[in-house]
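[1] predicted model and sequence follow; I will ask about them next.
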Amino acid sequence: MNVAPSLTPEIIEERIRALGPWFHNMKLGGMWTAPDHFLGDYPGVKFRRFADTLPADMTGKTVLDIGCNGGFYAIEMKRRGADRVLGIDFDEAYLSQARFAAEVNGLAIEFRKMSVYDVGSLGERFDLVIFMGVLYHLRHPLLALDIIHDTVAKDLLLFQSLQRGSATVDPVAEDYDFWQQDHFDSPGYPRMFFVEHRYSGDPTNWWIPNTACSAAMLRSAGFTIEAHPEEEVFLCRRTALAHPGAVYPSKDTRP
């Protein structure tokens with residue numbers, strides 16, 4: 001890591017405090033950004049569980065990190081040699097943290113304020129789209145996946161969501177009779193839990209899927225699951241869909 005000479009340990013420590021609180025606990029200039037994080041070394045501790053699932057050499061690749069927060073994943077992909085990394089977030093405080101973290105690491109990463117629903121305005125597709133820790137904060141989660149598929153995903157999607165309920169995944173039939181209802185009560189059937197008020201003190205938590213639902217939503221949006229290396233993490237590949245868009249698509253037209 002090549003830290004700019006002007007960024008002394010004292011300045012880095014002062015900036016870390018000024019930009020806090022941090023959700024991404026990263027070591028910048030030898031100092032942790034969130035040393036009292038309730039999840040410890042997060043997201044590093046999570047990333048180590050599936051880091052080998054992603055290409056070790058990202059040379060020549062482009063990366064879009066949606067909901068980049070403090071920039072941890074954008075930085076990791078740039079370290080792997082990605083030619084272009086763009087991180088977007090709707091929270092200016094997180095973007096300020098991400099820009100500073102990239103500066104301390106001496107990495108050229110672009111960060112913009114943008115909603116996931118507006119990524120189509122970028123007008124380009126990326127070899128890897130990172131969509132970690134965002135879905136459950138959205139009022140319209142499947143719409144977001146549809147937009148990502150239709151506008152910015154070129155090949156790989158790295159997905160993660162907070163999950164609750166059963167980790168069991170039931171086989172699901174292509175169709176069910178109107179009077180058949182037992183499958184809806186099975187813990188392994190795809191389901192999402194709606195948070196009307198707050199969950200874990202956070203009013204931005206809206207929909208929390210179980211494992212089966214995460215997988216089903218990804219497939220429905222046109223992503224083939226290639227790996228499931230961690231209970232909440234899926235590595236997917238974009239595939240073509242026959243339906244014309246995100247509004248009332250007919251399931252019968254899907255390949």
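    Looks like it came in fine.
[2] low-confidence ranges, the stretch 1-150 of the chain, go.
    Across the stretch 1-150 of the chain, the ranges flagged by pLDDT under 70 are 1-5.
[3] show me where it has its strands.
    Counting by DSSP state E, counting those that start in this stretch, the segments of the stretch 1-150 of the chain that form strands are 27-28, 31-32, 62-66, 84-89, 110-113, 126-132.
[4] wait, which of these is closest to Ile208?
    Nearest to Ile208 among these is strand 126-132 (15.2 Å), distances taken as CB to CB. C-beta: built from backbone N, CA, C; applies to glycine.
[5] contacts for the closest one, please.
    43, 54, 58, 61-68, 73-74, 77, 82, 86, 116, 144-145, 148, 152-160, 233 (CB atoms under 8 Å, 6 or more residues apart in numbering).
[6] chain center to it: distance?
    Using CA atoms, centre = their mean, to the nearest Å, the distance from the centre of strand 126-132 to the centre of the chain it belongs to is 8 Å.
[7] just the angle between that strand and strand 84-89, please?
    Following axes from the mean of the first three to the mean of the last three CA atoms, to 10 degrees, one obtains 30 degrees for the angle between strand 126-132 and strand 84-89.
[8] and the gap between the residue nearest to Trp32 when sequence neighbours are not counted and Val195?
    Excluding the flanking residues, the one nearest Trp32 by CB to CB, 6 or more residues apart in numbering is Asn25, at 5.8 Å. Taking CB to CB, to the nearest Å as the measure, Asn25 falls 25 Å from Val195.
[9] the two: who's more crowded?
    Asn25 (21 against 17; other CB atoms under 10 Å).
[10] in contact with that one, which residues?
    Asn25 sits next to 32-35, 37, 39-44 when contact means CB under 8 Å, 6+ apart.
[11] give me the buried subset of the contacts of strand 126-132.
    Among the contacts of strand 126-132, the ones that count as buried by 16 or more other CB atoms under 10 Å are 43, 54, 58, 61-68, 73-74, 77, 82, 86, 116, 144-145, 148, 152-153, 156-160, 233.
[12] for Ser161, which non-adjacent residue is closest in space?
    Nearest residue to Ser161 in three dimensions, chain neighbours excluded: Leu135, at 4.3 Å (CB to CB, 6+ apart).
[13] wait, the one you found sits on Pro141?
    Yes. Taking contacts as CB atoms under 8 Å, Leu135 lies within contact range of Pro141: 4.8 Å.
[14] between those two, which contacts overlap?
    With CB under 8 Å, 6+ apart, Leu135 and Pro141 have common neighbours Trp207.
[15] between the two, point out the one with more neighbours.
    Remark: of Leu135 and Pro141, Leu135 carries more neighbours, 26 against 23, as counted by other CB under 10 Å.
[16] how near is that one to Arg198?
    Note on Leu135: its distance to Arg198, by CB to CB, is 17 Å.
[17] and what of Glu124?
    36 Å.
[18] again, but for Ala34
    Distance, Ala34 to Arg198, using CB to CB: 21 Å.
[19] one more: Leu143?
    In this view, Leu143 and Arg198 are 23 Å apart by CB to CB.
[20] between those two, who's got more neighbours?
    Using other CB under 10 Å, the more surrounded residue of Leu143 and Arg198 is Leu143, with 15 against 10.
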